[in-house]
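Peer 1: Below are the sequence and a predicted model for it; my questions follow.
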Amino acid sequence: MTQHTPTATVLAPHPDRLFPADPATRTIARTVYDAVKDAPIISPHGHVDASMIAADEPFPDPAALLITPDHYVLRLLHANGVPLDALGRDPQATPSGRSIWHQLASHWDDFLGTPVRYWFETELHDVFGLDQEPSAANADAQYDRIAAALREPSFRPRALFDTFGIEVLATTDAPTADLAAHARLAADPSFTGRVVPTFRADAVFDPSRPDWRHVVTSIGEAAGIDTGSHHGLLAALRARRQHFIQHGATATDTGVLDAGSAPLPAAERERIHTAALRDPSSVTTADATAYRHDMLFRWAEMSVDDGLVMQLHPGVIRNHHTPTLERFGPDTGHDLPAVGAFTEPLRPLLEAFGTAPGFHLVLFTVDETVFSREIGPLAGFYPAVYAGAPWWFIDTPAAIGRYRGAVTDSASFTKTSGFIDDTRAYCSIPARHDMARRADAAYLAGLVVTHQVSEEDAVRTARRIVSDIPKATFKL
């Protein structure tokens, strides 16, 4: 009996992917997409390390570039039975890049229908020129082909920055960061892109965190200001924000459990701060919550003063699985969504600053039920509020369409953020932005065929979504 070797599945992303099935609507979607498909990428919220771009060294191997840093990939592989130590996230275990790549290839079908599969198909085909889907049979050959490409000068970080058409890339940085890599890039005439830092100081908001005292002290040391008092901590944070502004920052980023923003009297803030520094175990849950809510209020107050855009994404339960946290650390796929709320929790902050000139507050959520109920209406009244794009668990083509339908009636396109790729996976940036451009083209085409906007307006709006709107929202 003759045996036949299975033919590998062709990897060829369809030119009409994500476009509507109706032929007339699809034709308009093509026209809208064609107007923006090659537009420069504005990435105002991400997690790529600026030092990687500044050093411009070759990437170590395909797995370290495409798999290990991407928690979207890690969590799905882990959900399908691949332990994290087999994916390079355990300092005590050092699997080869090749073995990690085999895990992805063997589980390729587990990603079917997910945005992760979409991003991977696009980047493997468009960036690395692969023409077959990954599989156990071709894993070694594909790994070797990508590894060979990564040794070429055209695949170094700065060359890819240009190839991807990135105009602006925002990083996310600790409040104590010296930002030397950003300074190096800004001073290098051979680098024509723009990489800006983003100030993120979540740990100082919550005095119940085990690292709170260390972070508060280190911020004081970086600023040269005593943070033994709450007044001193605020002064140190203002100084560090100025350091970031001097290095090109236009925004902060804040992830907290909830959006509560009720301010405290100065004496109460000082009481909780002093108690937390003396003995963290003495701080009650109620005091820690009150302190965190007050800090959110103070954060907005600082943004009104110094002009930094305030990004806020509450509603994520961090490190849901304690054994995974203890062994592998944070950002390993086990952060999970909580129910979102903004209208009442943010009322103290917005009553104080919602109409302040120049204040921008970009609201993100992982609970898309709040888009139409809360975020869209808030952005539709308060000059300061902008509706952040679908993010993290709802960063999908279908959710982008639902987001547009949910917020446009209340807030229009103008009061949105532009697409947010939120990624550490450098090579997925163009694929993610392409996905958003296609999804927005599909939504706009639907407005055209129902005679809500003209085709010319749809094209103009698509261009604004990828350029003018994110630049204005994030003051870029």
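Peer 2: Happy to help now that I have it.

Peer 1: what about Thr355, neighbour count?
Peer 2: Residues within reach of Thr355, counting by other C-beta atoms under 10 Å, total 12. To be clear about C-beta, it is placed using only N, CA and C from the backbone, and glycine gets the same treatment.

Peer 1: go on, the one 10 residues further on?
Peer 2: Using other C-beta under 10 Å as the criterion, Thr365 is surrounded by 29 other residues.

Peer 1: hang on, it packs against Phe371?
Peer 2: Yes - the criterion here is C-beta atoms under 8 Å, and Thr365 meets it with Phe371 at 7.1 Å.

Peer 1: This protein: strands as residue ranges?
Peer 2: Along the chain, counting by DSSP state E, strands occupy 41-43, 166-170, 194-196, 198-199, 251-254, 309-312, 316-317, 336-337, 361-363, 385-387.

Peer 1: among the ones you listed, which is nearest Ala286?
Peer 2: strand 316-317 (19.3 Å; C-beta to C-beta).

Peer 1: ok, residues contacting that closest one?
Peer 2: Contact with strand 316-317 is made by Gly255, Leu257, Asp335, Leu336, Pro337, Ala338, Val366, Trp392, as judged by C-beta atoms under 8 Å, 6 or more residues apart in numbering.

Peer 1: Report the strands that pair with it, each with its relative direction.
Peer 2: Sheet pairing for strand 316-317, assigned by DSSP bridges, gives strand 336-337 (antiparallel).

Peer 1: which residues are contacting the partner strand?
Peer 2: So strand 336-337 is contacted by Gly315, Val316, Ile317, His320, Val366, Asp367, Trp392, Phe393 (C-beta under 8 Å, 6+ apart).

Peer 1: Report the mean per-residue pLDDT for it.
Peer 2: If you average the pLDDT over strand 336-337, you get 88.

Peer 1: so how far is it off the chain centroid?
Peer 2: The chain centre lies 15 Å from the centre of strand 336-337; the measure is C-alpha atoms, centre = their mean, to the nearest Å.

Peer 1: who's in contact with the residue most central in space within the chain?
Peer 2: For the chain, Asp422 is the residue whose C-alpha lies nearest the centre (C-alpha atoms, centre = their mean; 1.7 Å). Residues near Asp422 by C-beta under 8 Å, 6+ apart: His45, Gly46, His47, Trp391, Trp392, Asp395.

Peer 1: Now do the buried residues in stretch 377-386.
Peer 2: By 16 or more other C-beta atoms under 10 Å, the buried positions in stretch 377-386 come out as Pro377, Leu378, Ala379, Gly380, Tyr382, Ala384, Val385, Tyr386.

Peer 1: What of stretch 33-49?
Peer 2: By neighbour count on 16+ other C-beta under 10 Å, the buried set for stretch 33-49 is 33, 35-36, 39, 41-49.

Peer 1: one step back: ok, of the buried residues of stretch 377-386, which one's closest to Arg158?
Peer 2: For the buried residues of stretch 377-386, the nearest to Arg158 is Tyr386 (31.0 Å; C-beta to C-beta).

Peer 1: how near is that closest one to Ala39?
Peer 2: Separation of Tyr386 from Ala39 (C-beta to C-beta, to the nearest Å): 20 Å.

Peer 1: hmm, which two among the buried residues of stretch 33-49 are most spread apart?
Peer 2: It's Ala35 and Asp49 that sit farthest apart of those, by C-beta to C-beta, at 32.8 Å.

Peer 1: Can you spell out the domain ranges of the protein, please?
Peer 2: 15-44+418-476, 58-155 (automatic domain parsing).

Peer 1: deepest of those domains, which one?
Peer 2: Highest mean neighbour count among these (mean count of other C-beta atoms under 10 Å): domain 15-44+418-476, with a mean of 20.

Peer 1: centre of the chain versus it, how much separation?
Peer 2: In terms of C-alpha atoms, centre = their mean, the centre of domain 15-44+418-476 is found 18 Å from the chain centre.

Peer 1: what's the average pLDDT for that domain?
Peer 2: Domain 15-44+418-476 shows a mean pLDDT of 97.

Peer 1: Report the separation between the two terminal residues of it.
Peer 2: 31 Å (C-alpha to C-alpha, to the nearest Å).

Peer 1: For the residue nearest to Pro175 when sequence neighbours are not counted, which residues are in contact?
Peer 2: In space, and not counting its chain neighbours, Pro175 is closest to Ala201: 4.3 Å by C-beta to C-beta, 6 or more residues apart in numbering. Residues near Ala201 by C-beta under 8 Å, 6+ apart: Ala174, Pro175, Val215, Ile219, Leu237, Arg240, Thr252, Thr254.

Peer 1: re earlier: just send the strands of the chain back as CSV, with distance to Trp299 too.
Peer 2: Converted to CSV, the strands of the chain look like this (distance: least, C-beta to C-beta, whole Å):
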stretch, distance to Trp299
strand 41-43, 23
strand 166-170, 18
strand 194-196, 19
strand 198-199, 10
strand 251-254, 6
strand 309-312, 6
strand 316-317, 17
strand 336-337, 22
strand 361-363, 10
strand 385-387, 15
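
Peer 1: can you count the residues close to the residue nearest to Ser229 when sequence neighbours are not counted?
Peer 2: Excluding its sequence neighbours, the residue lying closest to Ser229 (C-beta to C-beta, 6+ apart) is Glu270, at 6.1 Å. Residues near Glu270, counting by other C-beta under 10 Å, number 14.

Peer 1: try the one 4 residues further on
Peer 2: Taking other C-beta under 10 Å as the criterion, the count of residues near Thr274 is 12.

Peer 1: go on, the one 4 residues further on?
Peer 2: Other residues lying near Arg278 total 10 when counted by other C-beta under 10 Å.

Peer 1: ok, now the one 5 residues further on?
Peer 2: Taking other C-beta under 10 Å as the neighbour definition, Val283 ends up with a count of 20.

Peer 1: still on that earlier bit, closest to Ser410 among the contacts of Ala201?
Peer 2: Of all those, Ser410 sits closest to Thr254, with 23.5 Å by C-beta to C-beta.

Peer 1: buried residues in stretch 406-419?
Peer 2: Applying 16+ other C-beta under 10 Å to stretch 406-419 flags Ala406, Val407, Thr408, Ser410, Ala411, Phe413, Lys415, Thr416, Ser417, Gly418, Phe419 as buried.

Peer 1: start to end distance for it?
Peer 2: Stretch 406-419: ends 16 Å apart by C-alpha to C-alpha.

Peer 1: pLDDT on stretch 64-71, on average?
Peer 2: The average pLDDT within stretch 64-71 is 90.

Peer 1: Use 548 as the first number for this chain going forward.
Peer 2: Sure, I'll start numbering at 548, so the last one becomes stretch 611-618.

Peer 1: who's in contact with His729?
Peer 2: Contacts of His729 by C-beta under 8 Å, 6+ apart are Ala597, Ala601, Thr718, Val742, Val743, Pro744, His794, Gly795.

Peer 1: From Gln789, how far off is the nearest residue to Ala782 once chain neighbours are set aside?
Peer 2: Once flanking residues are discounted, Ala782 sits nearest to Ile772: 5.2 Å by C-beta to C-beta, 6+ apart. Applying C-beta to C-beta, the value for Ile772 to Gln789 is 12 Å.
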